[in-house]
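**Student:** sequence first, then the predicted structure:
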Amino acid sequence: DIQMTQSPSSLSASVGDSVTIACRAGQSIGTYLNWYQQKPGKAPNLLIYSTSTLQSGVPSRFSGSGTGTDFTLTITSLQPEDFAIYYCQQSFSTPWTFGQGTKVEIK
Amino acid sequence: EVQLVESGGGLIQPGGSLRLSCAASGFSVSRKYMSWVRQAPGKGLEWVSVLYSGGTTYYADSVKGRFSISRDDSKNTLYLQMNSLRAEDTAMYYCARTQALYCSGISCYPPFYFDSWGQGTLVAVSS
């Protein structure tokens, strides 16, 4: 199984800040990396697929990059609605695996 | 509009069985890959199973041999039959449409991603 490790596990930031979340795969996964946002009591929501492609309707302040084993999700100019938990997920091979999540909290 | 509505969760004793349903609208489950993803209380996301449009299935090791994914094309519904349930199966279960960028006939190729999710159905395994 491909292990996915996110860092940090949590972070505190203010509205207007830029934040970066890292995701590392246990082996090379090419660009088969997706990012999801989950708010309390809600289902996850797809933000970015294939490392850097923004899902329809997702604001352009979200961006993704990386290849191989190291990936990042960047949120520029944090908005109040962005405080949530973010998960990376690989689709290189089954079992598809998720990172443990990064909680973005209000400072 | 794509919509997924799960049902069938509840409180069940260890060793028992449950069948979860995911009713889809706005697309045909027979033409898409469909997955189940679960989330234990206060924990992260865990992929459980996928059903390819051609009928191929895959499972997480944690449920292999106990869970079975299927669909009823006439009802446009995805199912997850869960047998020999354990306390560690306690979770919110989500169905998710699994998109692929590249498909040729019934075969699709990575990257795959979960682009639509249901609201989830809660399964609690406890005596």
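**Tutor:** Great, that's in hand.

**Student:** ok, which stretches of chain A are strands?
**Tutor:** A:4-7, A:10-13, A:19-25, A:33-38, A:45-49, A:53-54, A:62-67, A:70-75, A:85-90, A:97-98, A:102-106 (DSSP state E).

**Student:** as TSV, the ones you listed with mean pLDDT would be great.
**Tutor:** What follows is the strands of chain A, written out as TSV (pLDDT from 0 to 100):
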stretch	mean pLDDT
strand A:4-7	98
strand A:10-13	97
strand A:19-25	98
strand A:33-38	98
strand A:45-49	98
strand A:53-54	98
strand A:62-67	98
strand A:70-75	98
strand A:85-90	98
strand A:97-98	98
strand A:102-106	96
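
**Student:** now these in JSON lines, with mean neighbour count and distance to B:Cys103?
**Tutor:** (Each C-beta comes from the backbone N, C-alpha and C, glycine too.) As requested, those are exported to JSON lines (neighbours: other C-beta atoms under 10 Å in any protein chain shown; distance: least, C-beta to C-beta, whole Å):
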{"stretch": "strand A:4-7", "mean neighbour count": "18", "distance to B:Cys103": "25"}
{"stretch": "strand A:10-13", "mean neighbour count": "14", "distance to B:Cys103": "38"}
{"stretch": "strand A:19-25", "mean neighbour count": "20", "distance to B:Cys103": "24"}
{"stretch": "strand A:33-38", "mean neighbour count": "26", "distance to B:Cys103": "17"}
{"stretch": "strand A:45-49", "mean neighbour count": "22", "distance to B:Cys103": "15"}
{"stretch": "strand A:53-54", "mean neighbour count": "16", "distance to B:Cys103": "16"}
{"stretch": "strand A:62-67", "mean neighbour count": "18", "distance to B:Cys103": "23"}
{"stretch": "strand A:70-75", "mean neighbour count": "20", "distance to B:Cys103": "24"}
{"stretch": "strand A:85-90", "mean neighbour count": "25", "distance to B:Cys103": "20"}
{"stretch": "strand A:97-98", "mean neighbour count": "22", "distance to B:Cys103": "23"}
{"stretch": "strand A:102-106", "mean neighbour count": "16", "distance to B:Cys103": "32"}
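
**Student:** now those strands as a markdown table including distance to chain B?
**Tutor:** Formatted as a markdown table, those follow (distance: least, C-beta to the nearest C-beta, whole Å):
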| stretch | distance to chain B |
| --- | --- |
| strand A:4-7 | 9 |
| strand A:10-13 | 13 |
| strand A:19-25 | 13 |
| strand A:33-38 | 4 |
| strand A:45-49 | 4 |
| strand A:53-54 | 9 |
| strand A:62-67 | 12 |
| strand A:70-75 | 13 |
| strand A:85-90 | 6 |
| strand A:97-98 | 4 |
| strand A:102-106 | 10 |
